[in-house]
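Enquirer: here's my sequence, what's the structure:
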Amino acid sequence: MKKILFFAALACAAASCTKLDVPVKSELTPDNFPNNPEGYIAATGPVYTQLRSIYAVDYWRMQELSTDEAIIPARDGNYDDGGQYRFLHMHTWGPDHPNVRSNWEWGFGGINACNRLISLFETNGAVATAKASIAELRTMRALFYFFMMDLYGNVPIISTFPVSGSPKTAPRTEVFQFIEKDLKEAIPNLSSTAGTLTYGRPTKWMAFTLLEKLYLNAQYYTGQARYTETVAMADSVLDRAKNIYSLDADYTTLFAPENGPQIKETIFAVPYDPNVAEGNHFTRFGLHTAVQAKYSIPFRPSIALSTIKEFWQKFNLTGDVRNNTWLAGKQYENNGAPIIIKSTKKGVDASYAGADGTASVDYHLDFTPELTLVRPATMDVGNDELGKAKGVRSIKFYPDKNANPNTRYQGNDMPILRLADVMMMKAEAILRGAAPTSVGGELQTADVLVNKIRTRAKAPVVSGVTLDQLLDERAREFAWEGWRRNDLIRFGKFESAWGFKSNADVNKRIYPVPTSERSLNPNLIQNPGY
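Expert: From the prediction side, this is the model:
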């Protein structure tokens, strides 16, 4: 029920087009064209359907499996899937990688859906009524373009529908400027209201926060630092919306199955529902069959997804509630009883060579941080009980007891932008040279801002925070939220070695243009190194 109004507003949404060269017949006709705000909101449904479709799957994998935050090792051949997860971890992907293609189609599918509706509203809509919806669509187009620019660097700029000819690749600086222009021109017509009626849709505060993210990364994207503007955008939220947003006292509620518009920290999220808004599969891929009863999971989870030891070790602050978002070590039921898996000596450890390999064993489930490989060439940790338990598991997006038992989708919404990030980005900009500013009579230095986050997490406060410390704090605060790749690149650490990855090729900071897209459009220029 938490998102019923949001989904009711989008009830008439149709699936959006994901191909730039396919003409689309609008579901809108003169007889059913929207004539009130609710109608316009409903008509924009395809844009949000597109965003939701792979955000928590293929897009998330591109941003997280390519970093030290998440890994899907093979387990005796299971979860290898042609090596696609291994290639992301090892930084050995190419232009035919399935996620490279799916994300390109997803991003431009969203851009195309925005352009189609903007064209319709500008041509047929009542100007006063359509203005707010057009602003929202331009903001969503800017968001999709931010994702595409971040992933692929130089991409075509397409702002019309239908697409004319074969769009040419535009330099990243021009894409940056296009995003900036869309957001700045949209802000005056965006809602300043936060809550159920605008949840999952752009507001002024979402646009300010996305501009803050854009400016924080400007040095990398364009070669020109914009840290003063980063702070200004942060203050647009921290000052002007100080009575709207606040840090939620309980960190875990931000990611619980019951999260939604009641969370005062979320500025923009992707709403998920196990039945009517599918796409969140964290429990399915990230836990272990033996914890099914403990977390009341209505299906058998798999064992694919985990993190690596070096990243998990960052969660080492005394009293930090964020430490509890990981499962490591021996596991116990809610009543304190050990979680036991009945197996054999050989079943627990496939390397066991004794004559009594078939002897029964009660194995106490033990998630070990080390991911020791039994087949290095395929990044395979084995599929005996020890292999299945290799890797620390995340319960940040807490298992949903009301998940759909057939599809295994859960209802945890995924925050894209939240107040904690506004604060952390401002702190980083100050450490990189911007002047601290006052909000509500408080001079907000980097220490002040970081300590707001730490205090909420019940972690020790810090004095004289450095950039390296701030990066670790971002790791603790935003783990598995889709920002780690962006952060590592900005800090110059994406080429570092972690896990089983040693490739230091700087060309891997951006993904290649998919082979399939270049075969369709000869004007697309391949990125360096591919």
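Enquirer: start and end of stretch 392-400, how far apart?
Expert: 19 Å (Cα to Cα, to the nearest Å).
Enquirer: for residue 308, see how far away the closest residue to residue 330 other than its chain neighbours is.
Expert: Distance criterion Cβ to Cβ, 6 or more residues apart in numbering; nearest residue to residue 330, sequence neighbours excluded, is residue 366 at 4.8 Å. All C-beta atoms are positioned from the backbone trio N, CA, C, and that covers glycine. Here residue 366 is placed at a distance of 17 Å from residue 308 (Cβ to Cβ, to the nearest Å).
Enquirer: looking at these two, which is more packed in?
Expert: residue 308 (23 against 15; other Cβ atoms under 10 Å).
Enquirer: the more buried one contacts residue 72, doesn't it?
Expert: No: here residue 308 lies out of contact with residue 72, judged by Cβ atoms under 8 Å, at a distance of 11.2 Å.
Enquirer: now stretch 260-273: average pLDDT?
Expert: Confidence for stretch 260-273, expressed as mean pLDDT, is 97.
Enquirer: show the end-to-end separation of that stretch, please.
Expert: Span of stretch 260-273 from end to end, Cα to Cα: 11 Å.
Enquirer: what are the buried residues along that stretch?
Expert: 260, 261, 263, 265, 266, 267, 268, 269, 270, 271, 272, 273 (16 or more other Cβ atoms under 10 Å).
Enquirer: which SSE is residue 248 in?
Expert: Residue 248 belongs to no helix or strand when elements are defined using DSSP states H and E.
Enquirer: which pLDDT value goes with it?
Expert: 97.
Enquirer: ok, it to residue 495 distance?
Expert: From residue 248 to residue 495 the distance is 35 Å (Cβ to Cβ).
Enquirer: more neighbours: which of the two?
Expert: residue 248 (19 against 16).
Enquirer: next, the distance between the ends of stretch 250-268.
Expert: Taking Cα to Cα as the criterion, the two ends of stretch 250-268 lie 18 Å apart.
Enquirer: how much space between residue 332 and residue 294?
Expert: 8 Å.
Enquirer: any residues in contact with both of those two?
Expert: residue 339 (Cβ atoms under 8 Å, 6 or more residues apart in numbering).
Enquirer: please say which of these two ends up with more neighbours.
Expert: residue 294 (17 against 13).
Enquirer: what residues are up against residue 183?
Expert: By Cβ under 8 Å, 6+ apart, the neighbours of residue 183 are 138, 139, 142, 207, 210, 211, 214.
Enquirer: can you pull the phi/psi pair for the fourth one?
Expert: It stands for residue 207. phi -70, psi -40 (degrees, to the nearest 10).
Enquirer: need the contact list for it.
Expert: Per Cβ under 8 Å, 6+ apart, neighbours of residue 207: 139, 142, 183, 186, 187, 190.
Enquirer: closest one of those residues to residue 28?
Expert: Nearest to residue 28 among these: residue 139, at 20.5 Å, using Cβ to Cβ.
Enquirer: where does pLDDT dip in this protein?
Expert: 1-27, 29-31, 125-128 (pLDDT under 70).
Enquirer: and with 80 instead?
Expert: 1-33, 35, 124-129 (pLDDT under 80).
Enquirer: farthest residue from the center of the protein?
Expert: residue 355 (48.8 Å; Cα atoms, centre = their mean).
Enquirer: tell me if it really is in a strand.
Expert: No: under DSSP: H, G, I helix; E, B strand; the rest coil, residue 355 sits outside any strand and is assigned coil.
Enquirer: which residues in the stretch 401-530 of the chain form helices?
Expert: Ranges of helices in the stretch 401-530 of the chain, per DSSP state H, counting those that start in this stretch, are 419-431, 446-456, 467-478, 484-490, 515-520.
Enquirer: circling back: how near is the residue nearest to residue 330 to residue 346?
Expert: For residue 366 relative to residue 346 (Cβ to Cβ), the value is 18 Å.
Enquirer: and the residue nearest to residue 228 when sequence neighbours are not counted, its phi and psi?
Expert: Closest residue in space to residue 228, ignoring its immediate chain neighbours: residue 434 at 5.0 Å, by Cβ to Cβ, 6+ apart. For residue 434, the backbone dihedrals are phi -70, psi 150 (criterion: degrees, to the nearest 10).
Enquirer: now do the contacts for residue 434.
Expert: 227, 228, 230, 231.
Enquirer: recalculate using a threshold of 6 Å.
Expert: 227, 228, 231 (Cβ atoms under 6 Å, 6 or more residues apart in numbering).
Enquirer: try residue 62
Expert: 99, 103.
Enquirer: roughly how far out does the helix or strand hosting it sit from the chain middle?
Expert: Using DSSP H and E, residue 62 sits within helix 60-64. The chain centre lies 7 Å from the centre of helix 60-64; the measure is Cα atoms, centre = their mean, to the nearest Å.
Enquirer: which stretches of the protein form strands?
Expert: 155-156, 169-170, 266-270, 326-327, 329-330, 340-344, 360-364, 366-367, 393-394, 414-418, 437-439, 442-444 (DSSP state E).
Enquirer: with residue 368 as the reference, measure out to the nearest residue to residue 224 once chain neighbours are set aside.
Expert: The shortest distance from residue 224 to any non-neighbouring residue, by Cβ to Cβ, 6+ apart, is to residue 218 (5.9 Å). For residue 218, the distance to residue 368 equals 42 Å [Cβ to Cβ].
Enquirer: isn't residue 212 right up against residue 232?
Expert: No: here residue 212 does not reach residue 232: they are 8.5 Å apart, not a contact under Cβ atoms under 6 Å.
Enquirer: this completes my enquiry, with thanks.
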